[in-house]
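A.B. asks: give me the fold of what follows.
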Amino acid sequence: MPVPAIAYAMLITAAQPVEPAPAPTATQAPQAAAPAAAAAPASVPASRPEADVPAMQDIIVVAPPQPTPADPFAHTNVQVFKFVRAMDGAVVEPAAMTFKKTVPTPLREGVRNVFDNLDEPLIAANFLLQLHPGKAVETLARFAINSTIGWAGLFDVAKQPYINLPRRPNGFADTLGYYGVKPGAYIYLPFIGPSNARDLFGGAVDLAAAPLRWVGGPFKTLYWQVPTNAFTALETRVEFQQHLLDFRASERGVYISEREWYRRLREARIAAHKAGDHGAPVEDVESVAATPAK
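C.D. replies: Okay, here's the model as predicted:
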């Protein structure tokens with residue numbers, strides 16, 4: 001950071017050698033030093049306390065993200081990110097916070113449980129692809145319990161301690177990562193947010209294989225898709241609010257903080273699957289992703 005001109009001049013002046021005062025001649029008697037009390041009026045202290053001197057504050061400058069091998073489209077991603085965040089601040093965030101205040105939490109959690117329960121067969125299929133038949137059986141058992149005793153998934157009975165079948169998210173992108181497929185370029189997209197080449201492809205496969213797409217009937221009509229998609233979008237935005245507040249408070253900038261959070265989340269998910277039949281529940285994966293990168 002450049003030094004201001006006046007500070008630079010002061011530094012130059014201080015660096016110059018100071019000529020010593022001429023010694024008093026025989027005819028000149030040295031003056032007696034004035035009393036310290038007479039150096040200043042009684043109302044002004046002789047020395048200024050250090051507390052009165054304003055301390056210099058550090059100025060933190062966050063440079064714009066530059067393209068890297070993991071984020072080669074950084075310039076384009078940042079522009080999309082700025083547009084998305086502007087729309088979020090103007091429309092999405094107020095709508096999500098109103099949704100949170102208006103809809104009771106038990107109702108929101110219940111509907112979210114229903115949607116999560118509908119994904120369980122697809123999660124079980126990916127556990128089979130990852131050669132984890134034990135977790136596939138547990139996932140199907142969780143689906144059966146919540147679909148019956150849990151009233152079509154409205155209540156997550158299976159995660160209770162006396163059953164101990166917590167939700168373990170999985171998808172085709174996780175399966176690709178499990179078998180060593182690299183994430184590829186980081187991509188930030190409208191309506192999707194942070195992603196990468198591998199996750200976009202895996203997400204498309206999951207969407208095509210979703211059980212409700214094969215059931216048909218009312219699940220393919222706009223009367224089902226519009227309200228369910230709107231609910232999912234608002235509920236996802238409510239859950240993301242605390243993360244966004246943390247990103248805004250970060251010295252690294254919101255864009256980089258969100259990118260690194262997403263990277264850690266995906267790495268933690270895939271690492272949990274590679275750990276064997278003891279894959280981590282969703283709560284454990286999210287706690288790993290929330291820790292700052294070293």
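A.B. asks: so which residues of the stretch 101-250 of the chain form helices?
C.D. replies: Secondary structure of the stretch 101-250 of the chain by DSSP state H, counting those that start in this stretch: the helices cover 105-118, 120-129, 133-148, 172-178, 197-209, 211-215, 222-249.
A.B. asks: for the helix or strand that the last one is followed by, name the packing helices and strands.
C.D. replies: Following the chain from helix 222-249 toward its C-terminal end, the next helix or strand by DSSP states H and E is helix 254-274. Judged by 3 or more Cβ pairs under 8 Å, 6 or more residues apart in numbering; DSSP states H and E, helix 254-274 is in contact with helix 74-87, helix 172-178, strand 186-189, strand 193-196, helix 222-249, helix 282-289. Heads up, the C-betas are built off the backbone N, CA and C, glycines and all.
A.B. asks: what residues sit buried inside helix 254-274?
C.D. replies: Across helix 254-274, burial judged by 16 or more other Cβ atoms under 10 Å covers 254-266, 268-270, 272-273.
A.B. asks: equivalent analysis for stretch 103-111, please.
C.D. replies: Applying 16+ other Cβ under 10 Å to stretch 103-111 flags 108, 110-111 as buried.
A.B. asks: same check on stretch 138-158?
C.D. replies: 138-140, 142-143, 145-147, 150, 153-158.
A.B. asks: do the same with stretch 122-134
C.D. replies: Result for stretch 122-134 [16+ other Cβ under 10 Å]: buried residues 122-127, 129-130, 132.
A.B. asks: quick one: contacts for the closest residue to A124 other than its chain neighbours?
C.D. replies: Excluding the flanking residues, the one nearest A124 by Cβ to Cβ, 6 or more residues apart in numbering is T139, at 4.0 Å. T139 makes contact with 120, 123-124, 127, 168, 170, according to Cβ atoms under 8 Å, 6 or more residues apart in numbering.
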